[in-house]
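Dropping the sequence and predicted coords here.
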Amino acid sequence: MKRQPLFLPLTREEGIGLGIDSFDVIIVSGDAYVDHPSFASALLGRALWEKGYPTAIIPQPDWTRAEDFKRLGAPRLFFAVSSGAVDPMVNHYTRRRSRGRGMSTLQVEKERGRTGRLSCMPTGSMPSSLIPRLSWEE
């Protein structure tokens, strides 16, 4: 079993630096990666690693691009997918409980070039849809 790293790997290069060619589990999260027990992806990743399953995290992927999901290679066991700690519907509102900017969260995030805080549904279907039709070998 490999020792716990200081931070869970986010790139293939970080995994290689830890002596790992492929990961057993890849966690896809709508949250940014924060290595703290209040973030489920970090907590689950650490628990899996402790049990001997090398785990990596893909934080805030662009669910419209397959490359974001392929950057760590195919997991040996499974992808674990989470939309993040904040429900996407909550992100539609400002602190004053009014709709923000007259735009949906998806539109605002697309303008910023990010799509991390979206529903788990499109993000969850991307990894499984890649496996049968795309080659993981680069």
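It's in. Numbers count the residues shown, from 1 in each chain.

drop to CA atoms for contacts and neighbour counts, all remaining ones
Noted.

how far does stretch 31-39 stretch from start to finish?
8 Å (Cα to Cα, to the nearest Å).

Now do the helices for the protein: every range, in order, please.
Per DSSP state H, the chain has helices spanning 12-17, 40-50, 66-70, 105-112, 120-133. These are given in chain order.

Poorly predicted segments of the chain, please.
Within the chain, the segments meeting pLDDT under 70 span 1-2, 86-138.

Now with 50, please.
Filtered on pLDDT under 50, the chain yields the residue ranges 103, 116-121, 133-134, 138.

Check the burial of the closest residue to A85 other than its chain neighbours by counting its neighbours.
Leaving aside its chain neighbours, A85 sits nearest to D31 (6.8 Å; criterion: Cα to Cα, 6 or more residues apart in numbering). A count of neighbours around D31, defined by other Cα atoms under 10 Å, yields 21.

thought D31 was touching P59?
Yes: the pair D31 / P59 is scored as a contact, 6.0 Å apart, by Cα atoms under 8 Å.

isn't I58 right next to V25, touching?
No: with contact taken as Cα under 8 Å, I58 and V25 are classed as non-touching, separated by 10.8 Å.

So those two - more neighbours on which side?
Between I58 and V25, counted using other Cα under 10 Å, I58 has the larger neighbour count: 24 against 21.

Contact partners for the residue nearest to that one when sequence neighbours are not counted?
In space, I58 comes closest to V28 once its chain neighbours are excluded; the distance is 4.8 Å by Cα to Cα, 6+ apart. By Cα atoms under 8 Å, 6 or more residues apart in numbering, V28 lies in contact with 57-61, 79-82.

Can you give me the separation between V28 and P54?
14 Å.

How about S38?
Using Cα to Cα, S38 is found at 21 Å from P54.
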